[in-house]
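J.: sequence below, structure please.
(one chain, ligands or ions: 3)
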Amino acid sequence: MQVRLTNDAPSHVRTGALVVPFFSDSSLEGVAKEIDAKLGGVIADALAAKEIQGRLGEHVLVYAKDEPYRRVLAISLGERSRFEPYFLARYAGSAVRYLGRRNVEQIAISLPIQAQGQEVACASFVSEGAITGVFETTLYQEKPDRRNVATEVTVIAGDLNEAELERGIARGTALGDAVNLARRLAITPSNLMTPTRLAEEAAKVAEQNGLEIDVLDEARASREGMGSFLSVAQGSAQPPKFIVMRYTGDPSSKELLALVGKGITFDTGGISIKPAERMEDMKYDMSGGAGVIAAMYAIAKLKPKLNVVGIVPATENMPGGKATKPGDIVTAMNGKTIEVINTDAEGRLILADALCYANKLGATKIVDAATLTGACVIALGHASSAAVTNDDAFAAQFLAAAKPTGERYWQMPYYEDYTSAMKSDIADLKNTGGRPAGTLTAAAFLREFVDKTPWVHLDIAGTAYLDTDSPWLAKGPTGTPVRALLALVESLAGQPLIADGSVVSSNGARSSELKV
Ligand code: BES
Ligand code: MN
Ligand code: ZN
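T.: Ligands and ions are numbered 1, 2, ... in the order given. Sure thing, here's the model as predicted:
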């Protein structure tokens, strides 16, 4: 989908539908007020009649037969005092989903008056939301039962700064396309999205966008000493692939951010096999890896001044005659030995070698993202991902960068108790630490492979995919953690578009408060 800017006056825009925002607890303003006046107050009437409650994403549709815009869709931004720029992604997403399903191809979206002075962020969110809103999960239906025809979204410039809006649209387009890429990789089932296919997809992204790529096959991974990664792969008929993508945005700097993503293309549990109920969801067990490949795509498009390497260890976790068995001992790249108590705790085994490899490549900061533990879903549900760190200052920077994106991360503690729980009687470590604090013992295990490098671990088991539709996003894969990874990269590059709940414009001026 294309997002463009227009400087046509709102009342003159020729389109299938004009989208205007309103707050549930105040009267119409800006473009909404102007258009409502033209239509004789029908929108204000509908709102006064309480046709809707006014929660974010709720809407009222009115027809404007003789106007160039044909229809007006008024969408709620919720309560005025609670407004945050990322709501505009949900606003735009709700618009394209509602209209696109009703065969409206062209949509013109207006921004609220709060966009003044925050054009980059607001245009970015609208573009991201529009692009991610049209994505449907019916990729593999011959005649899709949900079809979204919205192909052209125009952002109405009005009195806003056009250059800033254009920058925001470019960012939001790169991010929205990246999020949809991650979602497509994740939703594609494991018979199609094999480790080999995932590596091909990464190679395509790299070739088309000027990234370096290196894919280690089993023999090379073995020469690197990746015994932990390969122990997970050995039960599968599919060859493992260890994917490394590189972006050099600051050649003179020694700083290198490593983004590491779990790439289990299917998790049966291995010999410690999972129950059949909902096992099909385990095609999503490469969501962290998909997120890293997609983040590298957005980084390649937007070219921040920072060096970034994306690392995705990719394999299936299968039972079989060659599979790792409980009690087996394997050796990771850093020489640490691991007693495999439960072959279903495989994510940490592949990440162990990936974290070592990040350090070998000279990473000065590491973020990993993984659908790692069911315990995380018990702790936080589907409302938030968990974050665990060995460096509170780096975690604080990550959390501050992530917050305005709308993706949620909740920091959980590290205590030595969790490391103690991972000690084996026979090897250096074991791969499970019992039921208590399963997310944190898993993080403590990973920490053993990070060394001293500042590191944040993201457990996205509860947030990478959802069972429920929202007005702005189809159910299924959500694209978490792509938005937060891009925001972190921009923050580290000293080019935050949105920081700490405030917004930075291109001249570096920061408005510490939202204008309301
Ligand atoms: N991929 C799963 C974690 C998971 C569960 C993700 C549910 C999304 C939804 C992971 O590999 C796993 O099986 N973890 C085990 C670890 C246990 C054996 C220590 C778990 O959480 O049960
Ligand atoms: Mn598992
Ligand atoms: Zn898994």
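J.: use CA for all of it now, contacts and neighbours both
T.: OK.
J.: got the residues of the protein near ligand 2?
T.: Within the chain, the positions near ligand 2 by CA under 5 Å from the ion are 269, 344-345.
J.: most neighbours of all these, which one?
T.: Across the residues of the chain next to ligand 2, neighbour numbers were computed from other CA atoms under 10 Å; Asp344 holds the maximum, 24 neighbours.
J.: pretty sure that residue sits against Ser272.
T.: Yes - using CA atoms under 8 Å, Asp344 is in contact with Ser272, at 5.8 Å.
J.: what do these two both touch?
T.: With contacts taken as CA atoms under 8 Å, 6 or more residues apart in numbering, Asp344 and Ser272 have no neighbour in common.
J.: if we can go back for a sec, for the residues of the chain next to ligand 2, give me a markdown table that also has distance to ligand 1, secondary structure and pLDDT.
T.: Putting those into a markdown table (distance: CA to the nearest ligand atom, whole Å; DSSP: H, G, I helix; E, B strand; the rest coil; pLDDT from 0 to 100) gives the following:
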| residue | distance to ligand 1 | secondary structure | pLDDT |
| --- | --- | --- | --- |
| Gly269 | 6 | coil | 98 |
| Asp344 | 4 | coil | 98 |
| Ala345 | 4 | coil | 99 |
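J.: and of the residues you listed, the nearest to ligand 2?
T.: Closest approach to ligand 2 among the residues of the chain next to ligand 2 (CA to the ion): Asp344, at 3.6 Å.
J.: contacting residues around the residue lying closest to the closest one once chain neighbours are set aside?
T.: Of all residues beyond its chain neighbours, the one nearest Asp344 is Gly269 (4.0 Å), with distances taken as CA to CA, 6 or more residues apart in numbering. The contact partners of Gly269, taken as CA under 8 Å, 6+ apart, are 317-319, 343-346.
J.: for the chain, which spans come out with low pLDDT?
T.: Segments of the chain classed as low confidence (criterion: pLDDT under 70) are 498-516.
J.: wasn't Ala314 part of a strand?
T.: Yes - according to DSSP: H, G, I helix; E, B strand; the rest coil, Ala314 belongs to a strand.
J.: share the number of residues neighbouring Asp425, please.
T.: A count of neighbours around Asp425, defined by other CA under 10 Å, yields 9.
J.: show me what contacts the residue in the stretch 101-250 of the chain that ligand 1 sits nearest to?
T.: Using CA to the nearest ligand atom, Val232 is the residue of the stretch 101-250 of the chain that sits closest to ligand 1, at 10.8 Å. Shown here is Val232, whose contacts under the criterion CA under 8 Å, 6+ apart are 315-318, 323-324, 343, 346, 349-350.
J.: how distant is stretch 420-427 from the center of its chain?
T.: Mean C-alpha position of stretch 420-427 versus that of the full chain (CA atoms, centre = their mean, to the nearest Å) differs by 34 Å.
J.: report the buried residues of that stretch.
T.: For stretch 420-427, a neighbour-count test (16 or more other CA atoms under 10 Å) marks 421-424, 427 as buried.
J.: list of residues touching that stretch?
T.: Residues outside stretch 420-427 that contact it (CA under 8 Å, 6+ apart) are 329, 337-339, 429-434, 441, 444-445.
J.: between the two ends of it, how far is it?
T.: Taking CA to CA, to the nearest Å, the span from the opening residue of stretch 420-427 to its closing residue is 13 Å.
J.: heads up, I number from 744, so please use that
T.: New numbering, starting at 744: the last item is stretch 1163-1170.
J.: could you report the neighbour count for Val863?
T.: The number of residues near Val863, taken as other CA under 10 Å, comes to 28.
J.: repeat for Arg844
T.: Number of residues near Arg844 (other CA under 10 Å) recorded here: 16.
J.: the residue nearest to it when sequence neighbours are not counted and ligand 2, how far apart?
T.: Nearest non-adjacent residue to Arg844, counting by CA to CA, 6+ apart: Asn891, 4.7 Å away. Remark: distance between Asn891 and ligand 2 (CA to the ion, to the nearest Å) = 35 Å.
J.: does Asn891 really touch Leu882, like I thought?
T.: No - at 11.7 Å, Asn891 and Leu882 do not qualify as touching, with contact defined as CA under 8 Å.
J.: hang on, Ile1169 in a strand?
T.: No - note on Ile1169: no strand contains this position according to three-state DSSP, which reports coil.
J.: phi, psi for it please.
T.: According to degrees, to the nearest 10, the main-chain angles of Ile1169 amount to phi -120, psi -30.
J.: send the alpha carbons of stretch 968-988 over as CSV?
T.: Provided in CSV are the C-alpha atoms of stretch 968-988 (Å, rounded to 0.1, in the frame of the first residue of the first chain):
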residue,chain,number,x,y,z
GLY,A,968,31.7,-24.7,18.2
MET,A,969,27.9,-24.1,18.3
GLY,A,970,27.2,-27.4,20.0
SER,A,971,24.2,-26.0,21.8
PHE,A,972,22.5,-24.7,18.7
LEU,A,973,23.2,-27.8,16.7
SER,A,974,21.9,-30.1,19.5
VAL,A,975,18.4,-28.6,18.9
ALA,A,976,18.7,-29.1,15.1
GLN,A,977,19.9,-32.7,15.1
GLY,A,978,16.4,-34.2,15.5
SER,A,979,15.1,-32.4,12.3
ALA,A,980,15.3,-33.4,8.7
GLN,A,981,15.5,-29.7,7.8
PRO,A,982,19.1,-28.4,7.8
PRO,A,983,19.7,-25.6,10.4
LYS,A,984,20.7,-22.1,9.2
PHE,A,985,22.5,-19.5,11.3
ILE,A,986,21.6,-16.2,9.7
VAL,A,987,23.8,-13.1,10.1
MET,A,988,22.8,-9.7,8.6
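J.: that stretch: which residues count as buried?
T.: Applying a neighbour-count criterion of 16+ other CA under 10 Å, the buried positions in stretch 968-988 are 968-979, 981-988.
J.: and if you look at stretch 1232-1240?
T.: So, applying 16+ other CA under 10 Å, buried residues of stretch 1232-1240: 1232-1236, 1238-1240.
J.: save those residues as TSV, and put in secondary structure too.
T.: Converted to TSV, these look like this (three-state DSSP):
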residue	secondary structure
Val1232	helix
Glu1233	helix
Ser1234	helix
Leu1235	helix
Ala1236	coil
Gln1238	coil
Pro1239	coil
Leu1240	coil
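J.: that older thread, quick check, nearest of the residues of the chain next to ligand 2 to Gly1219?
T.: Here the nearest of these to Gly1219, counting by CA to CA, is Gly1012; it sits at 21.3 Å.
J.: would you mind measuring from that closest one to Gly797?
T.: Taking CA to CA as the criterion, Gly1012 is separated from Gly797 by 44 Å.
J.: Val774 reaches Val763, doesn't it?
T.: Yes - taking CA under 8 Å as the contact criterion, Val774 and Val763 are neighbours in contact, 6.6 Å apart.
J.: what do the two both touch?
T.: With CA under 8 Å, 6+ apart applied, the overlap between the contact sets of Val774 and Val763 consists of 853-855.
J.: ok, the residue nearest to Gly1177 when sequence neighbours are not counted to Arg1178 distance?
T.: Computed as CA to CA, 6+ apart, the closest residue to Gly1177 that is not its neighbour in sequence is Ala1164, at 7.7 Å. According to CA to CA, Ala1164 stands 10 Å off from Arg1178.
J.: residue contacts, the closest residue to Val785 other than its chain neighbours?
T.: With sequence-adjacent residues excluded and distances taken as CA to CA, 6+ apart, Val785 is closest to Asp779, at 6.5 Å. When contacts are counted by CA under 8 Å, 6+ apart, Asp779 touches 785-787.
J.: that's a strand at Asp779, yeah?
T.: No - Asp779 is assigned helix when assessed by three-state DSSP, not a strand.
J.: get me the contact residues on the chain for ligand 1.
T.: Applying CA under 6 Å from any ligand atom, we find that the chain lies next to ligand 1 at 1012, 1028, 1085, 1087-1090, 1114-1118, 1175, 1204.
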